[in-house]
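Got a sequence here, can you build the structure:
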Amino acid sequence: MSASNTAGTAILGAGLFAKEAHLPALQILGPLAPKLRAVYSRSEKSARELAAQATALLNTTPDVYFDGNPSLNLDALLARSDISSVIVILPITQQPSIILKALAAGKHVLSEKPVAPDAASGAKLIAQYEAQYKPKGLVWRVAENFEAEPGFIAAGRAIAAGKIGKITFFSSRTVNFIDKDSKWYKTPWRTVPDYQGGFLLDGGVHSVAALRVILPSAMTHLSGFASLNKEWLAPHDTINTIIKNADGSHGIFELSFAAPSPSRSNAGRGIVITGTDGWLEVQQTLARDLIRDVEKPIFRVTIKSATRDANGVLGPEKEEVIDEPIRGVELEQASFFAALDGKDDGLGSPLGTLKDVAVIEAALTSGGELIDLEKLISQS
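Here you go, the predicted model:
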């Protein structure tokens with residue numbers, strides 16, 4: 001953020017992810033982020049709790065806005081001239097209307113993923129932004145932190161550099177254990193979801209975004225099945241699919257939140273990309289921070305490159321390991337704030353995240369039929 005830009009930002013939404021991810025990211029960015037001038041939540045209690053945490057982390061006391069008081073509601077916040085941007089972290093079905101409300105008030109917007117509850121409403125939202133607000137110079141980005149994760153970006157760069165040859169097939173397997181005591185399940189809007197897929201949409205777009213960043217070719221077709229195995233995770237909790245890419249490669253995409261126990265989450269988890277000259281794997285693991293002497297989560301990229309002599313005989317395999325810290329929220333914020341200064345790296349494109357929603361939607365509705373992902377988006 002340029003030093004000359006004194007306009008502040010605001011956080012709309014005071015849930016877990018605002019407290020556990022976005023506020024700490026603002027703290028890490030420090031002067032690279034604008035001053036947090038205000039926070040908003042539907043309830044005064046949650047707004048004040050977020051403001052108190054912001055005071056502790058950021059050494060600033062944001063103003064508190066909430067529903068029920070005309071002088072302190074969302075409209076009042078958006079009317080402030082000293083706030084140029086907002087970070088929207090609200091329930092999935094509420095976000096599109098708030099995004100448009102903020103844009104109409106002349107604010108730049110960073111909204112949490114998914115871009116919208118479904119492909120049709122996402123396409124409509126993007127079209128409205130492109131027609132009405134982008135020409136005015138307003139920036140809207142979607143906060144998909146997996147798109148910003150250095151580990152996934154490193155994997156994509158290794159493939160682009162030809163380290164495993166031409167991609168032939170891939171797999172992405174994520175199995176999570178969610179029970180009724182989970183802090184994520186206890187979030188009211190997740191307990192009774194009013195959007196397709198439940199946790200599969202909310203969390204599944206992360207897995208799709210990771211593939212989108214890593215694979216050199218767009219995902220074009222999908223066939224799969226969806227099911228519900230734990231009734232409290234309705235409407236669905238598991239999808240198993242086959243995906244084909246534009247370059248002819250294909251792979252398996254499996255996602256479930258219905259693991260019977262926590263140990264199942266670690267079995268076969270991760271992304272594996274196989275090419276003509278090798279393969280690579282991306283796994284989340286722990287590594288010791290030698291400075292703080294603590295175990296911290298990282299993404300580990302293991303690259304296995306096949307070598308051949310002049311006669312094509314297979315020789316020793318080369319291994320390269322890249323460890324990257326998990327810092328996607330911090331980096332997506334930094335990218336957004338840089339875009340406000342005209343330094344746009346394209347991260348968080350609404351169209352890119354619409355493709356993530358389309359994959360989950362296709363997986364939920366396929367029923368074994370082949371779905372054309374590009375057509376799903378274009379006809380939305």
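
what's the offset of the one helix or strand in the chain whose mean pLDDT sits lowest from the middle of its chain?
Considering only helices and strands, the least confidently modelled element of the chain by mean pLDDT, DSSP states H and E is helix 188-191, at a mean of 74. Between the mean C-alpha location of helix 188-191 and the chain-wide mean there is a distance of 19 Å, by C-alpha atoms, centre = their mean, to the nearest Å.

Counting by contacts, list what the helix or strand following it packs against.
Towards the C-terminus, the helix or strand next in line after helix 188-191, according to DSSP states H and E, is helix 199-214. Using 3 or more C-beta pairs under 8 Å, 6 or more residues apart in numbering; DSSP states H and E as the contact criterion, the elements in contact with helix 199-214 are helix 145-148, helix 150-160, strand 167-175, strand 219-227, strand 238-245, strand 250-256, strand 270-275, helix 350-365. Bear in mind the C-beta positions are built from the backbone N, C-alpha and C, glycine included.

Name the residues of helix 199-214 that are buried.
If you call a residue buried by 16 or more other C-beta atoms under 10 Å, then helix 199-214 has these buried ones: 199-214.

residues contacting residue 254?
When the contact criterion is C-beta atoms under 8 Å, 6 or more residues apart in numbering, the partners of residue 254 are 171, 172, 173, 174, 175, 239, 240, 241.

thinking again about what came up before, farthest-apart pair in the buried residues of helix 199-214, please.
Farthest-apart pair in the buried residues of helix 199-214 is 199 and 214; separation 22.5 Å (C-beta to C-beta).

how about the residue nearest the centre of the chain, what does it touch?
What sits nearest the mean C-alpha location of the chain, by C-alpha atoms, centre = their mean, is residue 144, with 2.4 Å. With contacts taken as C-beta under 8 Å, 6+ apart, residue 144 has the following neighbours: 113, 205, 206, 209, 332, 348, 352, 353, 356.

again, only this time at 10 Å
112-115, 205-206, 208-210, 212-213, 328, 332, 347-350, 352-353, 356 (C-beta atoms under 10 Å, 6 or more residues apart in numbering).

Need the nearest residue in space to it, chain neighbours excluded.
Once its chain neighbours are removed from consideration, residue 144 has its nearest residue in residue 113; the separation is 4.4 Å (C-beta to C-beta, 6 or more residues apart in numbering).

Next one: that neighbour from residue 374, what distance?
21 Å (C-beta to C-beta, to the nearest Å).

Could you do residue 201 as well?
From residue 201 over to residue 374 (counting by C-beta to C-beta), the distance is 20 Å.

again, but for residue 35
Noted for residue 35: a distance of 42 Å to residue 374, by C-beta to C-beta.

Please apply the same query to residue 278.
As judged by C-beta to C-beta, residue 278 and residue 374 stand 29 Å apart.

the more surrounded of these two?
Regarding residue 278 and residue 374, a neighbour count based on other C-beta atoms under 10 Å identifies residue 278 as having more, with 22 against 14.

Report the contact partners of the residue nearest to residue 43 when sequence neighbours are not counted.
Leaving aside its sequence neighbours, residue 43 sits nearest to residue 66 (C-beta to C-beta, 6+ apart; 6.0 Å). Neighbouring residues of residue 66 by C-beta under 10 Å, 6+ apart: 14, 39-48, 72-74, 77.

Dig out what residue 66 forms beta bridges with.
Residues in a beta bridge with residue 66, per DSSP bridges, are residue 41.

ok, it to residue 12 distance?
For residue 66, the distance to residue 12 under the criterion C-beta to C-beta works out to 11 Å.

what do the two both touch?
With C-beta under 10 Å, 6+ apart applied, the overlap between the contact sets of residue 66 and residue 12 consists of 39, 40, 41, 47, 74, 77.

Next, the buried residues of stretch 159-173.
The neighbour-count criterion (16+ other C-beta under 10 Å) identifies 159, 163, 164, 167, 168, 170, 171, 172, 173 as the buried residues of stretch 159-173.

Give me the distance from that stretch to the chain's centre.
22 Å.

CA-only coordinates of it, as CSV, when you get a sec.
Listed in CSV are the C-alpha atoms of stretch 159-173, where the atom choice follows Å, rounded to 0.1, in the frame of the first residue of the first chain:
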residue,chain,number,x,y,z
ILE,A,159,5.3,-28.4,-14.2
ALA,A,160,5.6,-25.4,-16.4
ALA,A,161,9.4,-25.7,-16.3
GLY,A,162,9.0,-29.3,-17.7
LYS,A,163,10.4,-31.1,-14.6
ILE,A,164,7.9,-34.0,-15.0
GLY,A,165,7.2,-33.7,-18.7
LYS,A,166,3.7,-33.6,-20.2
ILE,A,167,0.9,-34.2,-17.8
THR,A,168,-0.8,-37.6,-18.3
PHE,A,169,-3.0,-38.0,-15.2
PHE,A,170,-3.5,-36.7,-11.6
SER,A,171,-5.4,-37.3,-8.4
SER,A,172,-6.6,-35.0,-5.7
ARG,A,173,-7.9,-36.6,-2.5
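
ok, residue 322 touching residue 299?
Yes - counting by C-beta atoms under 10 Å, residue 322 touches residue 299, with 8.6 Å between them.

and the buried residues of stretch 159-173 as TSV, adding distance to residue 58 and pLDDT?
As requested, the buried residues of stretch 159-173 are exported to TSV (distance: C-beta to C-beta, whole Å; pLDDT from 0 to 100):
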residue	distance to residue 58	pLDDT
159	38	98
163	41	97
164	43	97
167	43	98
168	48	98
170	41	98
171	41	98
172	36	98
173	38	97
